[in-house]
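In: With the input below, show me the fold.
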Amino acid sequence: MPSGDMGEHHIQRVRGDGCSSPSGGGTRSSTSAAPVVPGGHDGDSQNTLEAAWRKPLEPGERLLELVAAVLLLAAFAWVAAWWPHLPDRVPIHFNLRGEPDGFAGRSSLGLLLEVVGLIYGLLTVVTYLLASLLNWPVEPRPETALRMTRASRYLLRGLKVLVMGMFLHLTVGVTAVAMGWWTGLTPWFYLWVVGVVGWVVGGCTWIYRAGRAQPPSPAVLRAGEALPDVIDFPAARSKILMALTAIPPLIPLYLALRGDEMAIVGFIALGPYLAVIGMTFWRPSYYRITPTHLQIRVGLMDFDVPLARIRRVRPTWNPAASAALALRRVAVETDRGETVLVSPADRETFLEVLRRRCPQAEVKTR
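Out: Below you'll find the predicted structure:
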């Protein structure tokens with residue numbers, strides 16, 4: 001990009017208190033702010049949150065509710081159909097290989113159905129609670145409440161489908177083993193476990209990301225205009241790198257399907273792994289250039305680089321681990337011999353802003 005020609009790009013203007021505010025938009029004075037209401041939300045946020053939580057179900061939500069109800073009824077119907085033919089003792093526990101290693105009276109199958117019904121009821125009751133009673137990972141704001149509640153509603157209803165499917169599989173497995181049709185619980189049961197864990201981690205990350213999202217700023221920087229004090233550059237995300245992170249969770253699943261007891265270790269480690277990967281790829285990530293620092297907020301990384309220490313900036317495809325979620329990167333070298341790799345979505349404008357903010361540095365655009 002030629003020197004001095006920035007073209008048009010969207011920027012983020014930030015108030016002195018660190019909160020984003022669209023330039024040119026009206027703001028309320030502290031004297032006219034909405035009163036705080038029970039639940040920790042101001043009046044506007046509370047009203048918007050409750051209204052979004054009570055919106056009519058979307059077609060996708062109706063489908064999830066229907067599937068969950070069908071799976072629940074299928075479990076009860078299956079047990080009712082085979083109850084007269086069941087032996088006095090049925091399996092109540094399976095080892096990692098799916099082999100039954102614990103037995104009890106067939107009344108325990110009725111207890112299993114009671115647990116299934118209770119879980120279904122609890123997940124349903126949650127959708128009728130006041131939104132302010134729920135534990136939100138990020139304080140909802142009027143501009144984020146709709147996205148956060150939508151993600152939460154799909155999280156609950158999708159979880160209901162997966163849990164009902166898992167219990168239906170378990171119910172069929174128990175009766176099939178008791179009747180002598182199967183020698184054990186099929187290893188494919190572990191797919192439900194992986195699905196439940198993945199859905200919960202992904203859904204919670206979706207809610208968190210929706211709550212942290214900043215409203216788009218209408219401010220536009222044109223050629224010849226002075227730079228604003230603060231400019232945010234969203235971090236680019238590589239779909240290939242994101243796909244590669246799906247490989248490790250397949251390892252314990254493969255071991256489980258083979259009946260390897262080491263799979264349990266992999267499943268235990270799967271929760272923290274998914275949490276870290278979820279925060280790394282789905283947490284709102286950006287690079288902020290202030291008059292004095294390059295602030296890096298990517299995944300679990302949170303650190304600043306003083307602009308006065310930057311000596312060289314250049315484009316790169318270096319694949320080394322860094323605060324970059326894509327391979328189209330920028331290498332920032334300091335006077336201490338340190339190199340920081342970043343991946344702003346708008347790499348050309350990022351380089352131009354650093355060129356203007358760091359006159360002492362050599363900034364290459366190619």
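In: okay, CA-based contacts and neighbour counts for the rest of this
Out: OK.
In: Give me the buried stretch members for stretch 261-277, please.
Out: Of the residues in stretch 261-277, Ala263, Gly266, Phe267, Leu270, Tyr273, Leu274, Ala275, Ile277 count as buried by neighbour count, 16 or more other Cα atoms under 10 Å.
In: Throw those residues into TSV and include pLDDT, thanks.
Out: Output for the buried residues of stretch 261-277, formatted as TSV (pLDDT from 0 to 100):
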residue	pLDDT
Ala263	77
Gly266	79
Phe267	78
Leu270	78
Tyr273	82
Leu274	76
Ala275	75
Ile277	76
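In: Out of these, name the ones that lie in helices.
Out: Among the buried residues of stretch 261-277, the members found in helices (DSSP state H) are Ala263, Gly266, Phe267, Leu270, Tyr273, Leu274, Ala275, Ile277.
In: Quick check: the fourth one vs Leu162, distance?
Out: Using Cα to Cα, to the nearest Å, we find Leu270 at a distance of 18 Å from Leu162.
In: would TSV of the buried residues of stretch 261-277 with distance to Trp206 be doable?
Out: As requested, the buried residues of stretch 261-277 are arranged in TSV below (distance: Cα to Cα, whole Å):
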residue	distance to Trp206
Ala263	28
Gly266	24
Phe267	22
Leu270	19
Tyr273	17
Leu274	13
Ala275	12
Ile277	13
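In: Can you tell me which of these lies closest to Ala176?
Out: Using Cα to Cα, Ala263 comes nearest to Ala176 of the buried residues of stretch 261-277, at 24.4 Å.
In: ok, the closest one touching Leu250?
Out: No. Using Cα atoms under 8 Å, Ala263 makes no contact with Leu250, being 10.4 Å away.
In: ok, and the nearest residue to Ser108 once chain neighbours are set aside, which helix or strand is that part of?
Out: Leaving aside its chain neighbours, Ser108 sits nearest to Ile92 (7.4 Å; criterion: Cα to Cα, 6 or more residues apart in numbering). Assigned by DSSP states H and E, Ile92 belongs to strand 89-94.
In: go on, Cys204?
Out: Secondary structure (DSSP H and E) places Cys204 in helix 189-212.
In: residues in contact with that helix?
Out: Applying Cα atoms under 8 Å, 6 or more residues apart in numbering, the contact partners of helix 189-212 are 137-141, 144-145, 147-149, 151-152, 154-155, 158-159, 162-163, 165-166, 169-170, 253, 256-257, 271, 274-275, 278-279, 282-284.
In: Next: stretch 54-64.
Out: Stretch 54-64 has contacts (Cα under 8 Å, 6+ apart) with Arg153, Tyr154, Arg157, Gly158, Val161.
In: Weed out the non-buried ones from those residues.
Out: When the contacts of stretch 54-64 are checked for burial by 16+ other Cα under 10 Å, the buried set is Arg153, Tyr154, Arg157, Gly158, Val161.
In: Which residue ranges of the chain form helices?
Out: So, for the chain - with DSSP H - the helices run 43-53, 59-82, 107-126, 145-178, 189-212, 239-244, 250-258, 263-282, 347-357.
In: closest one to Arg309 among the ones you listed?
Out: It's helix 347-357; of the helices of the chain, that one is closest to Arg309 (Cα to Cα) at 11.7 Å.
In: returning to what we had before: closest one of the buried ones among the contacts of stretch 54-64 to Val342?
Out: Closest approach between the buried ones among the contacts of stretch 54-64 and Val342, by Cα to Cα: Tyr154, at 33.2 Å.
In: Excluding covalently adjacent residues, which one is nearest to the closest one?
Out: Spatial nearest neighbour of Tyr154, excluding adjacent residues (Cα to Cα, 6+ apart): Glu61 at 6.6 Å.
In: Point to the helix or strand of the chain where mean pLDDT is at its lowest.
Out: strand 9-10 (a mean of 40; mean pLDDT, DSSP states H and E).
In: quick one: contacts for the closest residue to Leu168 other than its chain neighbours?
Out: Excluding its sequence neighbours, the residue lying closest to Leu168 (Cα to Cα, 6+ apart) is Ala75, at 5.1 Å. Contacts for Ala75 (Cα under 8 Å, 6+ apart) come out as Leu113, Phe167, Leu168, Thr171, Val172.
In: and those as JSON lines, adding pLDDT and distance to Ile119?
Out: Formatted as JSON lines, the contacts of Ala75 follow (pLDDT from 0 to 100; distance: Cα to Cα, whole Å):
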{"residue": "Leu113", "pLDDT": "95", "distance to Ile119": "10"}
{"residue": "Phe167", "pLDDT": "96", "distance to Ile119": "10"}
{"residue": "Leu168", "pLDDT": "96", "distance to Ile119": "13"}
{"residue": "Thr171", "pLDDT": "95", "distance to Ile119": "15"}
{"residue": "Val172", "pLDDT": "95", "distance to Ile119": "18"}
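In: got any ranges where the protein has weak pLDDT?
Out: 1-43, 213-225, 279, 281-283 (pLDDT under 70).
In: domains for it, by residue range?
Out: Following the assignment in automatic domain parsing, the chain carries domains at 49-212, 226-363.
In: Neighbours of Val67, how many?
Out: Other residues lying near Val67 total 19 when counted by other Cα atoms under 10 Å.
In: got the contact list for it?
Out: Neighbouring residues of Val67 by Cα under 8 Å, 6+ apart: Val161.
In: same deal with Leu72?
Out: Contacts of Leu72 by Cα under 8 Å, 6+ apart are Val116, Gly117, Met164, Gly165, Leu168.
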